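Enquirer: Pasting the sequence and the predicted coordinates here, then a few questions.
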Amino acid sequence: MLVQPLRSPELRQIPTSPSATPRVAVLLNANARKVDARVVKALSHVVPEEDLFLSRSPLDARRIAQEVLERNYPMVFTGGGDGTFMGFVNELIRQTDGRGRFAGQPLPRFGVLKLGTGNGIASFVNASSPRGDGILHDVVRARSGDVPGARRMDLLMVEGQRAPFAGLGVDGKLLNDYIWVKENLGKGFFKKMMTGSGGYFSAVAFKTVPHYMVNSTSVECEIRNGSAGEAYRLGPDGSPVGEPLAPGAVLFQGNLMMAAAATMPFYGYGFRMFPFANHRRGMMHLRLGQVSAASILAHLPKMWAGRWFPEGIHDFHAKEVTIRFANPMPFQVGGDAAGYRKALTLSVAPESIDLVDFHGEMN
């Protein structure tokens with residue numbers, strides 16, 4: 001058994017007969033800040049003990065993935081943030097690919113509990129708030145078969161790993177700045193204020209933007225379309241503009257402060273960084289930025305809502321791109337800082353996944 005939920009002996013056992021309820025596995029990251037004893041105990045009220053898993057290490061996650069596939073769960077919820085979710089998805093895909101033990105076995109449908117920091121994927125699928133009984137409500141609805149819709153989501157391939165977004169430049173700097181704000185200012189009275197959306201806003205306003213006001217914001221960069229297919233330049237409404245761009249074509253040449261891509265709209269805390277992601281199946285939203293720090297600060301609310309399209313923002317749909325900067329740039333993958341890179345190839349992964357969405361339509 002890979003989990004020992006905090007179950008009181010007087011609690012009623014949940015029926016586990018396949019005919020009683022759909023089988024739903026729940027995987028929690030024990031290292032996530034919001035996955036505490038209270039959350040585990042609450043979930044143990046509504047999830048049978050054998051379906052509730054608690055992971056403390058990558059080895060735990062690997063073993064849990066194997067057990068999920070052995071039991072052939074049709075649906076799996078994860079709790080602990082975007083990193084927890086993608087770590088588990090990557091492990092399941094590794095075990096079901098052509099060389100894995102479960103080669104050819106279909107992936108389960110995935111649900112996301114809003115128990116992370118940024119909760120970008122949770123925002124994408126309209127997961128319930130952790131306040132009150134929100135996360136319990138989502139799991140209970142799934143176990144009762146009350147799942148009205150699902151979203152098909154493509155994934156990026158980034159240095160051998162799958163992720164919902166990745167980038168070089170100011171977005172990587174922002175994530176590093178957010179970590180600094182949380183660790184240095186998010187203490188005592190300011191802890192709650194600086195560890196959520198307030199922390200992201202504070203990082204942008206008081207660290208990232210001031211840095212670029214006194215330091216160079218732009219570095220010479222070339223973006224070239226890959227061999228996987230044509231790319232499309234996008235207008236402010238997300239529609240293609242001009243002729244398709246052939247494989248090998250230069251999409252952009254010049255100075256940039258950011259080059260990033262995603263297969264879903266959100267970074268975290270409702271930050272709609274990629275408003276045209278998931279609009280065209282099998283393509284990423286590539287976003288390039290060459291705007292001033294002062295302009296970002298002046299238009300921060302519109303940028304946060306995905307409604308700011310100045311001349312210095314360039315949007316594309318593409319299947320594969322290669323990014324080459326003249327100097328090393330801050331690098332992030334799925335919201336995690338990953339050092340620095342001068343060159344990077346991003347592509348759409350061959351696999352896509354189905355995400356439970358309680359408020360969306362089946363697609």
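Expert: Perfect, I can see it now. Residues are numbered from 1 along each chain as shown.
Enquirer: Domain map for the chain?
Expert: Residue ranges for the domains of the chain, per automatic domain parsing: 24-147, 161-351.
Enquirer: so can I have CSV of those domains showing distance to residue 154?
Expert: For the C-beta atoms, the positions are set from N, CA and C on the backbone; glycine is no exception. Putting the domains of the chain into CSV (distance: least, CB to CB, whole Å) gives the following:
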stretch, distance to residue 154
domain 24-147, 12
domain 161-351, 4
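Enquirer: any idea which of these scores lowest on pLDDT?
Expert: Between the domains of the chain, the one with the least mean pLDDT is domain 161-351; it has a mean of 85.
Enquirer: and residue 144, how many neighbours does it have?
Expert: Taking other CB atoms under 10 Å as the neighbour definition, residue 144 ends up with a count of 12.
Enquirer: again, but for residue 104
Expert: By other CB under 10 Å, neighbour count at residue 104 equals 8.
Enquirer: Cross-check the contact I'm expecting between it and residue 95.
Expert: No. Contact criterion CB atoms under 8 Å: residue 104 and residue 95 do not qualify, at 11.1 Å.
Enquirer: Out of the domains of the chain, which is closest to residue 359?
Expert: If you check each of the domains of the chain against residue 359 by CB to CB, domain 24-147 wins as the nearest, at 4.1 Å.
Enquirer: From residue 280, how far out is the closest residue to residue 61 other than its chain neighbours?
Expert: Spatially, and ignoring its direct neighbours in sequence, residue 61 is nearest to residue 55 (4.7 Å; CB to CB, 6 or more residues apart in numbering). Taking CB to CB, to the nearest Å as the measure, residue 55 falls 34 Å from residue 280.
Enquirer: Tell me which of those two has more neighbours.
Expert: The residue with more neighbours, out of residue 55 and residue 280, is residue 55; 26 against 17, by other CB under 10 Å.
Enquirer: Surely that one is in contact with residue 32?
Expert: No. Taking CB under 8 Å as the contact criterion, residue 55 and residue 32 are not neighbours in contact, 9.7 Å apart.
Enquirer: quick one: common contacting residues for the two?
Expert: Residues touching both residue 55 and residue 32 comprise residue 84, with contact defined as CB atoms under 8 Å, 6 or more residues apart in numbering.
Enquirer: so which helix or strand takes in residue 86?
Expert: helix 82-96 (DSSP states H and E).
Enquirer: Can you spell out which helices and strands pack onto that helix?
Expert: Of the remaining helices and strands, those touching helix 82-96 by 3 or more CB pairs under 8 Å, 6 or more residues apart in numbering; DSSP states H and E are strand 24-29, helix 58-71, strand 75-79, strand 109-113, helix 120-124, strand 161-163, strand 336-357.
Enquirer: Return the angle between stretch directions for it and strand 75-79.
Expert: Compare the direction of helix 82-96 with that of strand 75-79 by axes from the mean of the first three to the mean of the last three CA atoms, to 10 degrees and you get 140 degrees.
Enquirer: Could I get the contacting residues of residue 62?
Expert: In this structure, residue 62 makes contact with residue 91, judged by CB under 8 Å, 6+ apart.
Enquirer: and it, how far is that from residue 117?
Expert: Between residue 62 and residue 117 the computed distance is 23 Å (CB to CB).
Enquirer: mind listing the helices for the stretch 251-363 of the chain?
Expert: 293-298, 300-304 (DSSP state H, counting those that start in this stretch).
Enquirer: Nearest to residue 246, out of these?
Expert: Between the helices of the stretch 251-363 of the chain, helix 300-304 lies closest to residue 246; by CB to CB that is 31.2 Å.
Enquirer: packing partners for the closest one?
Expert: Using 3+ CB pairs under 8 Å, 6+ apart as the contact criterion, no helix or strand is in contact with helix 300-304.
Enquirer: Any idea how far that helix is from the middle of the chain?
Expert: 20 Å (CA atoms, centre = their mean, to the nearest Å).
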